[in-house]
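Student: Just to be clear, the model below is a prediction. Sequence and coordinates:
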Amino acid sequence: MKDNRMSNLKHGILWIIILSIIAGCQQEQDTTLPTLVDLDATIESQSISATETALAPTATSLRPTLPPTFTPTPDLLPSETPFPTIDPNVSPTPDGYREDGTIYYNYNGDSIARVFPDGTGNEIILTFGVDEPITDITASPNGELIAFVAPSGGSAREVWVTNRDGSYLQQVSCLGHGEVRSPTFAPDSNRIAFFSAPLPTTNMALYVANFIGSNDCPTGNNQQLLFPVSTTQTGDIAWNSSQDLVYYNADGTYIYDFASQSSYIVSQGGGFGSDFGAIYDWDSDQFAYLRRTRDLTTGEEGGFVVVIDDADDFRAEYDISPINEIAQDAAFGADNRSIIYSTNSEIITYELLTTTRFTVLDQLTNPIFDLAPNEQQFVYRDVDVDLGVQQLYIGDRFDRRLRQQITFNPEGEIIDMLWLEG
């Protein structure tokens, strides 16, 4: 009798264990994580659920931020990258080409999003996962590719390239370093200059690598060290029109000359951190950068805009008078006679010949901007006072009354932006 009771008890316990396992499996099957990045670089679209808060009718919601449990990172060695070496199958005029262009922006520091100037099509096109940083987005001059810095295997960060819809993904650099910054295309849309260092706390160096041949990095794409930089503080990079000089901010501002394999000083910096914002106008051969400074009374930080004509002459900074206003961002105007820059509350057009200043927009909150292909309009970041969230707006350089909000994201930050043709 005792044996029967014990047998029944064992069977009962066994059935309880079996039923618990089945229930656990069913519950696990009901939790489906979205997949945005895979090893074939195929981005699966996600529809907006009926439970999401509807946004303004002029905009489309970004797809929801991925849950913390979803953090896939492409873990490919350079020789394993399964993509074509030369032809990324991209076109400057693909189906859906738009005359008003397309705007791309770094959303939340871990995604690349796309929105059209009329506010439609607002969606994430590429992410490596929540809190997997994507930084330093930049476009190729031919408008076909977007370069950026993102994780690679382990703790390494590398230069990557994607196409306009995020369906193509290619790792370009293969240094295995923990810190990579400021990838910048040459005019040929192939060579990319960038800073890299083993760790954020070690001195940086200036490198260059080709997009073409990056399947076989470092030999196939001619990845090489150009010049060691004796600082951890860097800014931005710019190429001249003939591609034989690279301008870069590293504490001060310098020019690397490919012919002599040497760097020449332009500026020793302002003593408040690295110069930044290096830009070069290929039509006029003008170069500009922001010399880092700080207002000791208000604590405001930024840079004085310095513009150099005939920049290839290696002319030193003492010949130059900066624009005496603390700026955060700058770009050349299409007429080669003006420069547009932002402060912590304004966007300004400055006429270089007459030194006249015109406030395009004011009462903004830490705006950054990018010019439209027509260089009359611009996209900029400001805070939506109702949502308390950073959004994108479009303004006009010549008519400050023309201002349109094009994103209505319910949350998140906007780190940087590009406005590309097509």
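Tutor: Cool, got the structure. Numbers count the residues shown, from 1 in each chain.
Student: Correct me if wrong: Cys199 contacts Gly176.
Tutor: That one is not Cys; residue 199 is Leu. No - between Leu199 and Gly176 there is no contact, the gap being 11.6 Å when judged by Cβ atoms under 8 Å. Bear in mind the C-beta positions are built from the backbone N, C-alpha and C, glycine included.
Student: neighbour-wise, which of those two wins?
Tutor: Gly176 (16 against 11; other Cβ atoms under 10 Å).
Student: show me the contacts for the more buried one.
Tutor: Ser152, Gly153, Ala156 (Cβ atoms under 8 Å, 6 or more residues apart in numbering).
Student: pretty sure the last one contacts His177?
Tutor: Yes - here Ala156 lies in contact with His177, judged by Cβ under 8 Å, at a distance of 6.4 Å.
Student: So those two - more neighbours on which side?
Tutor: Using other Cβ under 10 Å as the criterion, Ala156 and His177 rank with His177 on top: 22 against 17.
Student: Assign the more buried one to helix, strand or coil.
Tutor: coil (DSSP: H, G, I helix; E, B strand; the rest coil).
Student: That one - nearest residue in space that isn't next to it in sequence?
Tutor: The shortest distance from His177 to any non-neighbouring residue, by Cβ to Cβ, 6 or more residues apart in numbering, is to Ser196 (4.7 Å).
Student: Can you give the contact residues for the host helix or strand of Ala278?
Tutor: Under the criterion of DSSP states H and E, Ala278 resides in strand 276-281. The contact list for strand 276-281, computed with Cβ under 8 Å, 6+ apart, reads 235-241, 247-249, 253, 286-290, 292, 303, 305, 311, 327, 329-332, 336.
Student: ok, now stretch 395-407?
Tutor: 58-59, 103, 115-119, 122, 333, 340, 347, 349, 359-361, 369, 375-380, 384, 391-394, 414.
Student: Which of those residues fall within helices?
Tutor: Applying DSSP state H to the contacts of stretch 395-407, no entry is found in helices.
Student: Mark which of these are buried, thanks.
Tutor: 59, 103, 115-117, 119, 122, 333, 340, 347, 349, 360-361, 369, 375, 377-380, 391-394, 414 (16 or more other Cβ atoms under 10 Å).
Student: For the stretch 201-350 of the chain, just list every one of the strands.
Tutor: Remark: strands assigned in the stretch 201-350 of the chain by DSSP state E, counting those that start in this stretch are 205-210, 224-228, 237-239, 245-250, 252-257, 262-267, 276-281, 286-294, 301-308, 323-327, 329-332, 338-342, 347-351.
Student: how about a markdown table for those, with distance to Ser140 and mean pLDDT added?
Tutor: Formatted as a markdown table, the strands of the stretch 201-350 of the chain follow (distance: least, Cβ to Cβ, whole Å; pLDDT from 0 to 100):
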| stretch | distance to Ser140 | mean pLDDT |
| --- | --- | --- |
| strand 205-210 | 12 | 98 |
| strand 224-228 | 20 | 97 |
| strand 237-239 | 12 | 97 |
| strand 245-250 | 16 | 96 |
| strand 252-257 | 20 | 95 |
| strand 262-267 | 25 | 91 |
| strand 276-281 | 15 | 95 |
| strand 286-294 | 20 | 92 |
| strand 301-308 | 25 | 92 |
| strand 323-327 | 26 | 92 |
| strand 329-332 | 17 | 93 |
| strand 338-342 | 22 | 93 |
| strand 347-351 | 26 | 92 |
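Student: Report how many residues lie close to Gln363.
Tutor: By other Cβ under 10 Å, neighbour count at Gln363 equals 7.
Student: right, so of the strands of the stretch 201-350 of the chain, which gets closest to Tyr168?
Tutor: strand 205-210 (16.6 Å; Cβ to Cβ).
Student: Dump the C-alpha coordinates for the closest one into CSV.
Tutor: In CSV, the C-alpha atoms belonging to strand 205-210 read as follows (Å, rounded to 0.1, in the frame of the first residue of the first chain):
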residue,chain,number,x,y,z
ALA,A,205,46.2,58.7,-35.1
LEU,A,206,45.0,59.8,-38.5
TYR,A,207,44.2,56.9,-40.9
VAL,A,208,42.8,56.4,-44.4
ALA,A,209,41.1,53.4,-46.0
ASN,A,210,39.2,52.8,-49.2
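Student: Give me the residues contacting it.
Tutor: 159, 172-173, 175, 190-197, 217-218, 221-229, 237, 246, 248, 250, 256.
Student: residue contacts, Thr231?
Tutor: Here Thr231 is in contact with Asn203, Met204, Ala250, Asp251, Ser274 (Cβ under 8 Å, 6+ apart).
Student: Also Val161?
Tutor: Contacts of Val161 (Cβ under 8 Å, 6+ apart): Pro88, Leu145, Ile146, Ala147, Phe148, Leu169, Gln170, Val172, Phe211, Ser214.
Student: Most neighbours of all those, which one?
Tutor: Ser214 (28 neighbours).
Student: Quick check: that residue touching Gln171?
Tutor: Yes - Ser214 is within contact range of Gln171, at 6.7 Å (criterion: Cβ under 8 Å).
Student: rewinding a little: is the residue nearest to His177 within a helix or a strand, and which one?
Tutor: Here Ser196 is assigned to strand 191-197, by DSSP H and E.
Student: and the residue nearest the centre of the chain, what are its phi and psi?
Tutor: For the chain, the residue nearest the mean C-alpha position is Ile137 (2.0 Å; Cα atoms, centre = their mean). With angles defined as degrees, to the nearest 10, Ile137 sits at phi -70, psi 140.
Student: just checking, it touches Ala147?
Tutor: Yes - counting by Cβ under 8 Å, Ala147 is a contact partner of Ile137 at 7.4 Å.
Student: Measure how buried Ala259 is and give me the count.
Tutor: 7.
Student: distance of the closest residue to it other than its chain neighbours from Gly235?
Tutor: Closest residue in space to Ala259, ignoring its immediate chain neighbours: Asp244 at 6.3 Å, by Cβ to Cβ, 6+ apart. From Asp244 across to Gly235, the span is 21 Å (Cβ to Cβ, to the nearest Å).
Student: If you count surrounding residues, which of these two has more?
Tutor: Gly235 (24 against 13).
Student: list the contacts for that one?
Tutor: Contacts of Gly235 by Cβ under 8 Å, 6+ apart are 182, 248-250, 253, 274-278, 289-290, 292.
Student: repeat for Glu179
Tutor: Glu179 touches Arg157, Phe195, Ser196, Ala197, Pro198, Leu199, Pro200, Thr202, Met204, counting by Cβ under 8 Å, 6+ apart.
Student: mind listing what the last one touches?
Tutor: Contacts for Met204 (Cβ under 8 Å, 6+ apart) come out as Glu179, Arg181, Phe195, Ser196, Ala197, Val229, Thr231, Thr232, Thr234, Ala250.
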